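Student: Give me coordinates for this.
(one chain, ligands or ions: 1)
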Amino acid sequence: DYLVSKQNVKNIFVNGTTGEGLALSIQERKQLAEEWVRQGKDKLDHVIIHVGALSLPGSQELARHAAAIGASGIAVIAPFFFKPTSKDELLAFLREVASEAPAVPFYYYHIPPLTGVKIRVEELLDGIKEQIPTFQGVKFSDTDLLDLAQCINKNGGEEFVFLYGVDEQLLSALAIGANGAVGSTYNYLGQKTNMMLQAFAQHDLALARKYQFLTGEFLNFVIKLGFGVAQTKAVMTFVSGIPMGPPRLPLVKASEEFIAKAKAKLDSIVCKTEQHSNIRLAVL
Ligand SMILES: CC(=O)N[C@@H]([C@@H](O)[C@H](O)[C@H](O)CO)[C@@H](O)CC(=O)C(=O)O
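Tutor: Numbers count the residues shown, from 1 in each chain. Purely as a prediction, here's the structure:
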């Protein structure tokens, strides 16, 4: 309800990085997926469930479950303990998961900074539809915009969807042709990012940049303090007023010092952006 009413976010990616999906048990992941689908009915447009896991049977079980509860899509990361070393190995793993949910749109979740699997998506997409008929697109959480650009350039005609996942670079990805975004900051800066999407759609690059710089200035500040999933939970808690709880070990909760500094910074940037937007609106 908070995301819909306060952030204008109506598409949810469940059990990914921010939701600590990989730190949860299979049972917990199923429970969360069920709740999101149930609570999101008639409120959300899409609920994509991340079903990637280190073991193939675990991932397949989650894929079957997501299909049974009526998820609008499933996504899978590359397994990252025993890693695929080639496109074919990765594709074989993804295909075995996707085939367990044969009527559910399938997304590859590319996040090399966390998986360490750096197989280029451009290469992976070559002929992917023949292997995975449900293939819908990629959640692309990498800074390699050349790879993203090549994917879009080569596969745009096939209408794959590219959801970008490096929030501080979203505007650049949009310029290259990304269709949307999945990221941690949209939990608390969703409204502002929606304004950026709107400005971009209206070809108002100067305004779009203002919103991108807001996210960038905040992330640049908190990254220097030490920023990850634990800190995201803390930021979401102070912005929304909804307690997100601590992260699960080995992650540890954000310090009070981090919270105080991050809050002061975010307040000041949001305030500054709003002043600029008002001036702009007045001028127009
Ligand atoms: C590595 C990481 O956590 N990346 C985030 C970004 O939103 C990231 O927090 C943000 O761009 C700040 O660097 C997302 O791509 C993760 C995400 O969408 C997810 O929760 O699955």
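
Student: which residues does the closest residue to residue 123 other than its chain neighbours contact?
Tutor: Excluding the flanking residues, the one nearest residue 123 by CB to CB, 6 or more residues apart in numbering is residue 87, at 5.0 Å. For the C-beta atoms, the positions are set from N, CA and C on the backbone; glycine is no exception. By CB atoms under 8 Å, 6 or more residues apart in numbering, residue 87 lies in contact with 119, 123-124, 126.

Student: Next to the ligand, which bits of the chain? Give me the list.
Tutor: 13, 16-18, 113-114, 141, 165-168, 182-185, 219 (CB under 6 Å from any ligand atom).

Student: what does the model give the residue nearest to residue 123 for pLDDT?
Tutor: Looking at residue 87, its pLDDT reads 97.

Student: Repeat that for residue 163.
Tutor: Looking at residue 163, the pLDDT reads 98.

Student: Okay, and the beta partners of it?
Tutor: Applying DSSP bridges to residue 163 yields these beta-bridge partners: residue 139, residue 180.

Student: Surely it is in contact with residue 179?
Tutor: Yes - contact criterion CB atoms under 8 Å: residue 163 and residue 179 qualify, at 6.6 Å.

Student: who's more crowded, these two?
Tutor: residue 163 (23 against 15; other CB atoms under 10 Å).

Student: Please name the residues that touch the most centrally placed residue in the chain.
Tutor: Centroid-nearest residue in the chain, with CA atoms, centre = their mean: residue 182, separated by 2.7 Å. The contact partners of residue 182, taken as CB under 8 Å, 6+ apart, are 13, 16, 48, 139, 141, 163-165.

Student: ok so, going back, among the residues of the chain next to the ligand, name the ones in helices.
Tutor: Among the residues of the chain next to the ligand, the ones falling in helices (DSSP state H) are 113-114, 219.

Student: Of those residues - the most surrounded one?
Tutor: residue 219 (17 neighbours).

Student: Could you measure from it over to residue 17?
Tutor: Look at residue 219 and residue 17: by CB to CB, to the nearest Å, they are 15 Å apart.

Student: And the residues of the chain next to the ligand, which of them are buried?
Tutor: Neighbour counting by 16 or more other CB atoms under 10 Å classes 13, 16-18, 141, 165-168, 182-185, 219 among the residues of the chain next to the ligand as buried.

Student: from the stretch 1-150 of the chain, which residue is nearest to the ligand?
Tutor: As assessed by CB to the nearest ligand atom, the ligand sits closest to residue 16 within the stretch 1-150 of the chain, at 2.4 Å.

Student: Break down the stretch 101-250 of the chain into its strands, ranges please.
Tutor: For the stretch 101-250 of the chain, applying DSSP state E, counting those that start in this stretch gives strands covering 106-110, 135-140, 161-164, 180-181.

Student: most packed of these?
Tutor: When those are scored by mean count of other CB atoms under 10 Å, the highest mean neighbour count falls to strand 106-110 (a mean of 26).

Student: Residues contacting that one, please?
Tutor: 16, 48, 50, 52, 73-78, 94, 97-98, 121, 124, 132, 134-142, 161, 163.

Student: Could you list the paired strands of that strand along with their orientation?
Tutor: Strand pairing (DSSP bridges) places strand 106-110 next to strand 73-77 (parallel), strand 135-140 (parallel).

Student: that older thread, what's the local residue count around the residue lying closest to the residue of the stretch 1-150 of the chain closest to the ligand once chain neighbours are set aside?
Tutor: Of all residues not flanking residue 16 in the chain, residue 50 sits nearest, at 4.5 Å (CB to CB, 6+ apart). Residue 50 sits with 27 neighbouring residues when counted by other CB under 10 Å.

Student: can you tell me how far residue 50 sits from residue 117?
Tutor: Separation of residue 50 from residue 117 (CB to CB): 15 Å.

Student: longest helix in this structure, by residue count?
Tutor: Longest helix in the chain, counting by DSSP H: helix 256-283.

Student: Okay, buried residues for that helix please.
Tutor: For helix 256-283, using 16+ other CB under 10 Å, the buried residues are 258-259, 262, 265-266, 269-270, 273, 277.
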